[in-house]
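Peer 1: Have a look; sequence and predicted model below, questions after that.
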Amino acid sequence: MSVEPNSEFKIVFTGPMGAGKTTAIAAVSDSVPVSTEVENNDSLGYAKASTTVGLDFGRMTIADGHSVRLYGTPGQERFRFMWDIVGRGAAGVIVLLDATDPDVLAQMSHYVNAFMPLVPAGAIVIGLGRTGLPGATDSETLHAQLESQGLRMPVFSIDARQPRDVLLLLRALVSVLDAQPRAVAVA
Ligand SMILES: Nc1nc2c(ncn2[C@@H]2O[C@H](COP(=O)(O)OP(=O)(O)O)[C@@H](O)[C@H]2O)c(=O)[nH]1
Ligand SMILES: [Mg+2]
């Protein structure tokens, strides 16, 4: 990875509740990441015992001692006002999605549209989790929708619990950034 000396860049994980943001950051962080999980009071909307009310934060050391700051956006729509704050200064964004969510295509548009203005052009990568389960939408379908909107973004089937899958997303993002040297200088 070609990162400027002493630069520490910021990557944001976003996506709907339950998509795997907290899991992905925990999978690759050097130490136990900071996460503001609270008891989920939105159990009608999503059956999960805890959810991230604030944000996730982790740090990962990459080649040459450089480190990448990893942020996860708040999962609930009522914390949307924080997206701009978390997204500010980000070198790139990873949108995590749940392939078994019947609204996965709409979710993708929602997050891509929200974060595109906040990051350098093209610095978005999509990670699609839970593919292969019954009713799952495949990555080609997501890719086709992006293409139909004139958007070129990599889409990967991933399991956010697997460090190697999360690293794949990070490498894909960094390779996009490498093609745009100025983007990497963003701290
Ligand atoms: N099968 C599968 N489960 C996942 C995946 N990503 C996350 N999970 C599980 O889904 C649950 C919610 O994940 P979490 O990271 O809290 O989602 P967040 O709301 O986006 O932060 C956890 O129990 C994870 O272990 C995935 O890619 N595949
Ligand atoms: Mg979370």
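Peer 2: Yep, it's here. Numbering: from 1, shown residues only. Ligands and ions are numbered 1, 2, ... in the order given.
Peer 1: burial of Arg88, as a residue count?
Peer 2: 12 (other CB atoms under 10 Å). Any C-beta I mention is one placed from the backbone N, CA and C, and that applies to glycine too.
Peer 1: next one: Ala24
Peer 2: 30.
Peer 1: Phe13: what secondary structure?
Peer 2: Secondary structure, DSSP: H, G, I helix; E, B strand; the rest coil: Phe13 is strand.
Peer 1: That should have said Ile126, apologies.
Peer 2: With three-state DSSP as the criterion, Ile126 reads strand.
Peer 1: Contacts only, for it.
Peer 2: 94-95, 97, 108, 112, 139, 142, 146, 153-156 (CB atoms under 8 Å, 6 or more residues apart in numbering).
Peer 1: quick one: which of those sit in strands?
Peer 2: 94-95, 97, 155-156 (DSSP state E).
Peer 1: is stretch 102-120 anywhere near ligand 1?
Peer 2: No: contact of stretch 102-120 with ligand 1 is not found when judged by CB under 6 Å from any ligand atom; the minimum separation is 11.4 Å.
Peer 1: What ranges in the chain fall below the confidence cut-off?
Peer 2: 1-8, 32-33, 36-54, 75, 179-187 (pLDDT under 70).
Peer 1: let's see it at 90
Peer 2: 1-9, 17, 30-56, 61-68, 74-89, 120-122, 174-187 (pLDDT under 90).
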